[in-house]
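> sequence? don't have it. structure:
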């Protein structure tokens with residue numbers, strides 16, 4: 001039986017005891033009916049996972065005993081950065097979840113000229129905290145022991161102006177660019193950019209060109225922003241990452 005994996009934002013040491021995060025503890029206690037002695041897997045994002053065992057269950061509060069730890073590497077050799085224009089609604093949640101499952105190592109939310117979403121400082125902080133929680137949940141599910149980095153949302157041109165130009169493996173995906181780029185390095189870093197509803201503006205595409213991004217496509221059909229992000233990551237992983245057949 002597959003054991004429940006739990007992320008703990010704290011140091012883990014064999015022989016120690018940790019309090020599980022409130023939401024996770026409540027789920028274990030009330031939904032999974034966890035009992036003292038039940039086995040779980042603990043990780044804190046440092047690349048290791050630890051044998052764990054439920055120590056106490058008091059209402060919705062759960063503590064776990066920490067057992068032996070071991071390095072378990074499930075990271076992609078491509079070290080993919082996803083530069084994602086914020087889509088409407090909760091679509092970014094899906095993008096963060098699937099990008100995490102597919103092995104993306106860094107997610108950079110950006111706002112472009114045609115972005116419908118606009119965030120103030122407090123909204124940005126709230127969104128980043130929420131997306132990081134989505135990434136944690138995805139890591140618990142998919143077996144990753146390192147969390148993807150999620151940057152604060154920023155204007156696209158600010159990001160491009162502060163990123164080093166000429167780096168290998170940089171693509172901006174556009175519906176009118178077809179066929180897709182042909183070369184993918186065997187190892188990273190690799191950087192891809194996905195636009196908003198309506199695509200990137202012409203001057204933004206020029207800024208990508210100056211920053212060293214090549215234009216690429218994902219086929220003859222126009223994909224939604226969330227579909228394009230998932231398709232681009234799968235294409236990269238299949239060509240040069242850890243999803244090769």
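Arrived safely, thanks for sending. This one's a predicted model, so the numbers in the text were calculated from it and none came from an experiment.

> which residues touch residue 39?
The contact partners of residue 39, taken as CB atoms under 8 Å, 6 or more residues apart in numbering, are 3, 51-54. Glycine gets a C-beta too; all of them are placed from N, C-alpha and C.

> make it 7 Å
The contact partners of residue 39, by CB atoms under 7 Å, 6 or more residues apart in numbering, come to 3, 53.

> domain map for the protein?
5-71, 80-240 (automatic domain parsing).

> so where is this structure shaky, pLDDT-wise?
1, 164-168, 177-188, 245 (pLDDT under 70).

> hey, where'd the helices end up in it?
22-26, 91-101, 121-142, 156-162, 202-210, 225-240 (DSSP state H).

> residue 219 is nearest to which of the ones you listed?
Minimum separation from residue 219 across the helices of the chain (CB to CB) falls at helix 225-240, 8.1 Å.

> got the contact list for that closest one?
So helix 225-240 is contacted by 76, 78, 80, 82, 84-85, 87, 91, 94-95, 98-99, 102-104, 173, 180, 184-186, 190, 192, 194-197, 218, 223, 243-244 (CB under 7 Å, 6+ apart).

> restricted to strands, list those.
80, 82, 84-85, 173, 190, 192, 194 (DSSP state E).

> quick one: buried ones out of the contacts of helix 225-240?
Neighbour counting with 16 or more other CB atoms under 10 Å marks 76, 78, 80, 82, 84-85, 87, 91, 94-95, 98-99, 102-104, 173, 180, 184, 190, 192, 194-196, 218, 223, 243 as buried within these.

> quick one: buried residues of stretch 225-239?
For stretch 225-239, by 16+ other CB under 10 Å, it's 225-237, 239.

> closest one to residue 130 out of those residues, please.
Among the buried residues of stretch 225-239, and counting by CB to CB, the member closest to residue 130 is residue 226, at 16.2 Å.

> quick check: the gap between the spatially closest residue to that closest one that is not a sequence neighbour and residue 126.
Residue nearest to residue 226 in three dimensions, not counting chain neighbours: residue 91, with 4.7 Å by CB to CB, 6 or more residues apart in numbering. Distance, residue 91 to residue 126, by CB to CB, to the nearest Å: 17 Å.

> what do you get for residue 152?
11 Å.

> gap between the most centrally placed residue in the chain and residue 190?
For the chain, the residue nearest the mean C-alpha position is residue 100 (3.4 Å; CA atoms, centre = their mean). Separation of residue 100 from residue 190 (CB to CB): 16 Å.
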